[in-house]
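> here are the coordinates; sequence isn't available:
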């Protein structure tokens, strides 16, 4: 049986991609950002997912204003890198997992989420920047990635609650796939930022920290945030944090927070990143007692390793 | 009931913000499709060679056309442009995004970059055009009240 072992959220600021592509990651400005992902790279190298489900939004690359699908799942074997105006990013093409994607499509649609399916789709920085942040700059991405593009460009995006429920449906889909696969789901975008109009540059760190806290402990509270509140508090483009709730919905209600990182700014955006791991069912007894925070983190890491073996 | 909600466009109360809804998407369709065309290298070249001639291919309104030629980025948003599309115009000009942000906020690129380094634009004072939601705050942020006791005690 396939199962989701953990969820990762990360901003997908295009300037992060540009810093990587132009070899500027060593500059102090960018070091601050990339250092925050060092432990995450170690974590995912140990977790070794067989498949990543990448929840992201397209930025007028694969989808223009001609067709605006709310949820578009990539069912292709390969997703070429889009030219976003500077030429395509020099990163490997994203290889999909068409069999699992087809299974998710069938399961989720019969579960009453009406996805758009894409057998041909280019992917942009929304997906590739988080892959870089977690996997570095390998010649080939270490595992197949199933892209799930969410419309957050044209108002209204799906509600946070709808996203959370879709996450749950994706989990049911994954868990009904017969092959033994370890799946990590990425939710990308955010955190607070506004890149349009006279209010551009808005950052709300208080809101971001509260969002991260609730994402771990009380995600249902976040599903009740209205788009208006999200846009007012976290910026017009900050509304894309609804995508994080797809990731969260796909995990257990109670999760271990393995790691968290937050910094301001990366270009125009607050960078937020969190790793949440499902608890391993069989080790419930031993994990019953309350452990200090530090030990908890270590335990969470160990659990991930245990899943491997 | 839902229709009433849409008609109200409650988000128009957010200052300095042009929420790209279905109305703006329709209004700015050709403007955005022009920007979309700049994803191809040969189109970028043709546009740079003769901007006015290149724009003739798109049924833009005179206002939209003027905003594009003059690189008036807020005006483009007002006329139905979307930032993810208009950013392609900026990229074609070879500008980093912060140049566009500086233009939209009436600032210099350096001042805008400094603003971001200082932690960005504060939400206080930037919540509401009408003032009605100026103090709305957020349902998930606990405002720090005078510290009389530990905040978490309420739960226990």
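Received it, and whenever you're ready, just let me know what you need. On a predicted model such as this, the values are computed, not experimentally measured, just so you know.
> for the stretch 101-250 of chain A, what spans make up the helices?
Taking DSSP state H, counting those that start in this stretch, the helices of the stretch 101-250 of chain A run over residues A:125-135, A:160-175, A:205-217, A:219-223, A:227-234, A:244-249.
> what about the helices in chain B?
Using DSSP state H, the helices of chain B run over B:2-8, B:22-27, B:29-37, B:41-49, B:51-55, B:62-69, B:73-78, B:83-92, B:97-104, B:109-117.
> give me the distance between whichever helix or strand residue A:274 is part of and the centre of its chain.
Secondary structure assignment for residue A:274, by DSSP states H and E: strand A:269-278. Mean-position distance between strand A:269-278 and its chain equals 8 Å (C-alpha atoms, centre = their mean, to the nearest Å).
> stretch A:206-221 now?
15 Å.
> same check on stretch B:125-141?
Chain-centre distance of stretch B:125-141: 19 Å, with C-alpha atoms, centre = their mean.
> shouldn't residue B:107 be in contact with residue B:115?
Yes: with contact defined as C-beta atoms under 8 Å, residue B:107 reaches residue B:115; the gap is 7.3 Å. C-beta here means a position set from N, CA and C on the backbone, and glycine is covered the same way.
> ends of stretch A:210-229, how far apart?
In stretch A:210-229, first residue to last residue: 14 Å (C-alpha to C-alpha, to the nearest Å).
> sorry, back to before: dump the helices of the stretch 101-250 of chain A to CSV, plus distance to residue B:62 and mean neighbour count.
Listed next are the helices of the stretch 101-250 of chain A as CSV, based on distance: least, C-beta to C-beta, whole Å; neighbours: other C-beta atoms under 10 Å in any protein chain shown:
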stretch, distance to residue B:62, mean neighbour count
helix A:125-135, 34, 27
helix A:160-175, 40, 21
helix A:205-217, 41, 20
helix A:219-223, 45, 19
helix A:227-234, 31, 23
helix A:244-249, 42, 28
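> measure residue B:72 to residue B:57 for me?
Distance, residue B:72 to residue B:57, by C-beta to C-beta, to the nearest Å: 21 Å.
> who has more neighbours, the two?
Between residue B:72 and residue B:57, counted using other C-beta atoms under 10 Å in any protein chain shown, the more crowded position is residue B:72 (17 against 14).
> residues in contact with the more buried one?
By C-beta atoms under 8 Å, 6 or more residues apart in numbering or on different chains, the contact list for residue B:72 reads residue B:66.
> skipping adjacent residues, who's closest to residue A:7 in space?
Distances taken as C-beta to C-beta, 6 or more residues apart in numbering or on different chains place residue A:247 nearest to residue A:7, at 4.2 Å, with adjacent residues excluded.
> tally of neighbours for residue A:3?
15.
> which residues in chain A form strands?
A:3-10, A:51-56, A:71-74, A:78-79, A:94-95, A:116-118, A:145-150, A:182-188, A:255-266, A:269-278 (DSSP state E).
> which stretch among the helices of the stretch 101-250 of chain A comes nearest residue A:67?
helix A:125-135 (17.1 Å; C-beta to C-beta).
> so for the closest one, mean pLDDT?
For helix A:125-135, mean pLDDT rounds to 98.
> what's the strand holding residue A:274 packed up against?
Where contact means 3 or more C-beta pairs under 8 Å, 6 or more residues apart in numbering or on different chains; DSSP states H and E, strand A:269-278 is packed against strand A:3-10, helix A:38-47, helix A:205-217, strand A:255-266, helix A:293-308.
> if you count surrounding residues, which of residue B:107 and residue B:115 has more?
residue B:115 (21 against 18).
> excluding chain neighbours, give the residue nearest to that one in space.
In space, residue B:115 comes closest to residue A:201 once its chain neighbours are excluded; the distance is 5.5 Å by C-beta to C-beta, 6+ apart.
> residue B:55 now?
residue B:65 (5.8 Å).
> please apply the same query to residue B:119.
That would be residue A:264: by C-beta to C-beta, 6+ apart, it lies 5.5 Å from residue B:119.
> that neighbour reaches residue B:121, doesn't it?
No: the pair residue A:264 / residue B:121 is not scored as a contact, 11.3 Å apart, by C-beta under 8 Å.
> any shared contact partners between the two?
With C-beta under 8 Å, 6+ apart, residue A:264 and residue B:121 have common neighbours residue A:203.
> per-residue pLDDT of the residue in chain B positioned nearest to chain A, please?
Nearest residue of chain B to chain A, counting by C-beta to the nearest C-beta: residue B:120, 2.8 Å away. pLDDT recorded at residue B:120 is 98.
> residues contacting it?
Applying C-beta under 8 Å, 6+ apart to residue B:120 gives the contacts A:192, A:193, A:201, A:202, A:203, A:264, A:265, A:268, A:270.
> residues near the nearest residue to the second one once chain neighbours are set aside, how many?
By that I understand residue A:193. Spatial nearest neighbour of residue A:193, excluding adjacent residues (C-beta to C-beta, 6+ apart): residue A:269 at 3.9 Å. The tally of other residues near residue A:269 (other C-beta under 10 Å) stands at 28.
> for the one 3 residues further on, same thing?
Per other C-beta under 10 Å, the neighbour tally for residue A:272 reads 26.
> can you list the residues of the stretch 151-300 of chain A near chain B?
Contact residues, the stretch 151-300 of chain A versus chain B (C-beta under 8 Å from any C-beta of the partner chain): A:153-156, A:192-207, A:210-211, A:214, A:221-222, A:224-225, A:227-229, A:231-233, A:236-237, A:264-265, A:267-268, A:270.
> just the pLDDT for residue A:264.
For residue A:264, the model assigns a pLDDT of 97.
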